[in-house]
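*Asks:* Any chance you could fold what I've pasted below:
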Amino acid sequence: MITLACLFAWHFAKAAGAWDHHFMGSKSHPIQLPKNITMDLQAVFSDLPTLGNATTCTAKLTKLVTGITTQDQESLAFLDALGKPGAGVTRGNFIMIGNYEMCGTDKLANFANCAVGGGVTFGGAPLPGIMLTGCMPAECQTTEDLQEVFEKIAAVLNKSGFIHTDPASWTASCDVPVKWDAGAYAAIVVISLFGALVVAGSVWSALYPVVLSLMERGRGDNIGLIESEENGIQQAEKINVQNKPESLLGRFLDCFALQRTMDTLFSTATKPGQILCLNGIRVLSINWVVLGHCYAFVLGLPGDLAYFQELFTKRSFMLVHNGFPSVDSFFTLSGFLVTFLLLKHLTKQGGFSPLQWFTFYVHRYVRLTAPYVVVILAEGWLYRHFVSGPIAQHLTIGPASTHDMCEKYWFSNLLYVNNLYPWKNQVACLDQAWYLANDMQFFVLAPIFIFLLFKKPMIGLLGTIGAIVASTVATLIIIAHYKLGPALIADTNPNDYWLLYNKPWVRITPYLVGVIGGWLYWKMGDLAKQKVKTLPIWQKVVCAVPLWVITIAIEYAVVFGLYDPALDVTTKHTNPSTAVSLGYGALARIAWGIALTVQILLCQCGLGGFINSLLSWSGWQILSRLTYSVYLLHLGIFTVLITAQMRHPIFIRPDFEYTTFYLGILVISYLAAAVLYIVVEQPVANLEGITYRKSRLQK
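*Replies:* Now for the predicted structure:
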């Protein structure tokens, strides 16, 4: 680790001229290096021996560094395995990955892989995260040892007056045997239980009709058997077995049968009144979410940061850089659908009994929580036993790891309050779970607005609009008080942006817009459809085209309207004006929700044209059923398959390389989601159905 100070000093001095061109200025306005930079760097080198024998760790490191000059084999192997600045340093490649496989070999028998990372300020400008890995001796394999070494190195580096680092910003971890704790065993038990039930249910579903038919035939009942041959295999098919009541155990096992869950997954049948365009919107939105997260992960460990800087200057890249409205789409869809379905039920039943309200919430909780628990157990406790790589344990062990966060706050996730506790939740048990907490909280509150819209429409409408206004005012106050930018990508101080990103009083506006949209469709949808059917083609075009143009323009403005402010943050390190921050921060989510809601209404009322045909394609139904599981799984898949296994920095230029990278993660996420769906999500939905709805015989 002492060599790290040398590497920093040598490499930064050598690269300074190129760095100012790529990141901090231009040829016409280069950064002015301090006149005494040479003397400062000489001071750094002259102070290195003072690290000396302060601890057994620093003593061992000093011996290793000294042994390099004497050709000591252990020292040479240590140096060979240590991460070093590689190609592209001047373009932002600060990921120095060592040779992971050398740790524990004959020449480095008592050495273990260690990873350290932190922030450095160079010439007054903060650099992206720096990561260094290598094989550390047994004397230096505790966090305390490494932290003490870095405190000493930081003191030396900071004397240069040009390079500055805060040792408190560095994190360090070394590979240690990962213990199988209660959470890991619970994960295995739960996953194995679901797997066993799927096997038992599938066997039961396959054998029950044949066995029952043979039993009835033996009794002489009028039950026929049809002999059919498929691929040379004789199969017995029942005719009237469905008229025989099935036992409770049989119905329970049938919920987990692959035959049933896969039939449900791959079904493209539609029902009257189904809002088909929502399927396409849902799939496109989750694909957009995965796209943004893939870029965000790569940006955390880039091999070419300069390329990202170039991407940020391209207006077209805002579709990725500012992909946050993709989540607002889900909020809008959720509010729309919950309102419409609940109003239909209230119209039919006239109201809800206390038991029906109870089951209304239990139904939602059970359906969402079953796969959620499996993913929490897998990511929080199980994944870390099956990944290996230079930075695997850096990600899976420590105060900010998923394991540690899930151990501390799993109950917060299961209560769907993880967006409120811990309050400053920049790290959490499943980073993406903040959305689930918000959505559940909105679901709990939604019936208040929906019931008012049903009983007292004007009061309900004014109350819903009032809640939107109150949320907008809260957003304005937060932005003004904390001097935040309009969005995460246009804020020079993103560390405080959690106040706006995941709090329910800020994120509820598109959901409430969806509530109003669902109410309008319930109230006037049928009438609007009948009216549109009577219109000639030219009148349909006159009505539809302006609305489509306006709503698409609004969506374009929400996504691409932050281009200039975001560019200023990237290149000039200046926040947008207060007016831009307040205006965009308060209105963007509302505008997106309104535009999307109008588009849904246009599709449902017969004014969607080819757009509705595209969004209502029957194939979207299959993928749409997997979007929830994709959302739960995709970040963990990225961590396990890419980040934790990484042996080198990630390079994504040219763009087609990233395209294959993104599509690979997306396809694997859908495949994994299909497994989670047929093993956990749909079986639990089937089981919940026979528990809370009228029991019925299954196919």
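*Asks:* what ranges do the helices span in the stretch 351-500 of the chain?
*Replies:* For the stretch 351-500 of the chain, helices defined by DSSP state H, counting those that start in this stretch occupy the ranges 354-377, 392-396, 402-414, 434-455, 457-482, 498-501.
*Asks:* Flag whichever of the ones you listed has the least confidence on average.
*Replies:* Of all these, mean pLDDT reaches its minimum on helix 392-396 (a mean of 73).
*Asks:* sorry, back to before: which of the helices of the stretch 351-500 of the chain sits most buried?
*Replies:* helix 392-396 (a mean of 24; mean count of other C-beta atoms under 10 Å). C-betas here are computed from N, CA, C, even on glycine.
*Asks:* can I get the helices of the stretch 351-500 of the chain in a markdown table with distance to Leu258?
*Replies:* Formatted as a markdown table, the helices of the stretch 351-500 of the chain follow (distance: least, C-beta to C-beta, whole Å):
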| stretch | distance to Leu258 |
| --- | --- |
| helix 354-377 | 17 |
| helix 392-396 | 32 |
| helix 402-414 | 28 |
| helix 434-455 | 27 |
| helix 457-482 | 43 |
| helix 498-501 | 40 |
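*Asks:* of all the ones you listed, which lies closest to Gly280?
*Replies:* Closest to Gly280 of these is helix 434-455 (C-beta to C-beta; 20.0 Å).
*Asks:* could you say what helices and strands the closest one packs with?
*Replies:* Packed against helix 434-455, as judged by 3 or more C-beta pairs under 8 Å, 6 or more residues apart in numbering; DSSP states H and E, are the following elements: helix 325-349, helix 354-377, helix 457-482, helix 504-507, helix 509-533.
*Asks:* got JSON lines for those, with distance to Ala59 too?
*Replies:* Shown next, in JSON lines, are the helices and strands packed on helix 434-455 (distance: least, C-beta to C-beta, whole Å):
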{"stretch": "helix 325-349", "distance to Ala59": "52"}
{"stretch": "helix 354-377", "distance to Ala59": "43"}
{"stretch": "helix 457-482", "distance to Ala59": "47"}
{"stretch": "helix 504-507", "distance to Ala59": "53"}
{"stretch": "helix 509-533", "distance to Ala59": "59"}
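*Asks:* Out of those helices, flag the one nearest Leu193.
*Replies:* Across the helices and strands packed on helix 434-455, closest to Leu193 is helix 354-377 (C-beta to C-beta), at 10.3 Å.
*Asks:* Now do the longest helix along the chain, average pLDDT.
*Replies:* What stands out as the longest helix in the chain, according to DSSP state H, is helix 182-219. The average pLDDT within helix 182-219 is 86.
*Asks:* and the direction of it versus that of helix 354-377, what angle?
*Replies:* Orientation check (axes from the mean of the first three to the mean of the last three C-alpha atoms, to 10 degrees): helix 182-219 against helix 354-377 gives 120 degrees.
*Asks:* How far away from the center of its chain is helix 182-219?
*Replies:* 33 Å (C-alpha atoms, centre = their mean, to the nearest Å).
*Asks:* For it, list every residue counted as buried.
*Replies:* Using 16 or more other C-beta atoms under 10 Å as the test for burial, helix 182-219 gives 183-184, 187-188, 190-191, 194, 197-198, 201-202, 204-205, 208-209, 212-213, 216.
*Asks:* And stretch 389-404, end to end?
*Replies:* Across stretch 389-404, the terminal residues are separated by 19 Å (C-alpha to C-alpha, to the nearest Å).
*Asks:* Tell me where the stretch 151-300 of the chain has helices.
*Replies:* Under DSSP H, counting those that start in this stretch, the stretch 151-300 of the chain gives helices at 182-219, 248-254, 258-266, 277-300.
*Asks:* so which of the ones you listed comes closest to Arg91?
*Replies:* helix 277-300 (13.8 Å).
*Asks:* gap between the closest one and the chain center?
*Replies:* 9 Å.
*Asks:* buried residues in it?
*Replies:* In helix 277-300, counting by 16+ other C-beta under 10 Å, buried: 277-295, 297-299.
*Asks:* Please enumerate residues in contact with the one helix or strand Tyr628 maps to?
*Replies:* Element membership of Tyr628, judged by DSSP states H and E, is helix 627-638. With C-beta atoms under 8 Å, 6 or more residues apart in numbering as the test, helix 627-638 has contacts from 282-283, 285-286, 289-290, 293-294, 297, 368, 371-372, 375, 378-379, 383, 430-432, 435, 665-666, 668-670, 672-674, 676-677, 681.
*Asks:* Excluding sequence neighbours, find me the nearest residue to Ala138.
*Replies:* Of all residues beyond its chain neighbours, the one nearest Ala138 is Asn110 (4.4 Å), with distances taken as C-beta to C-beta, 6 or more residues apart in numbering.
*Asks:* Equivalent analysis for Val387, please.
*Replies:* Using C-beta to C-beta, 6+ apart, the nearest residue to Val387 is Ala644, at 4.0 Å.
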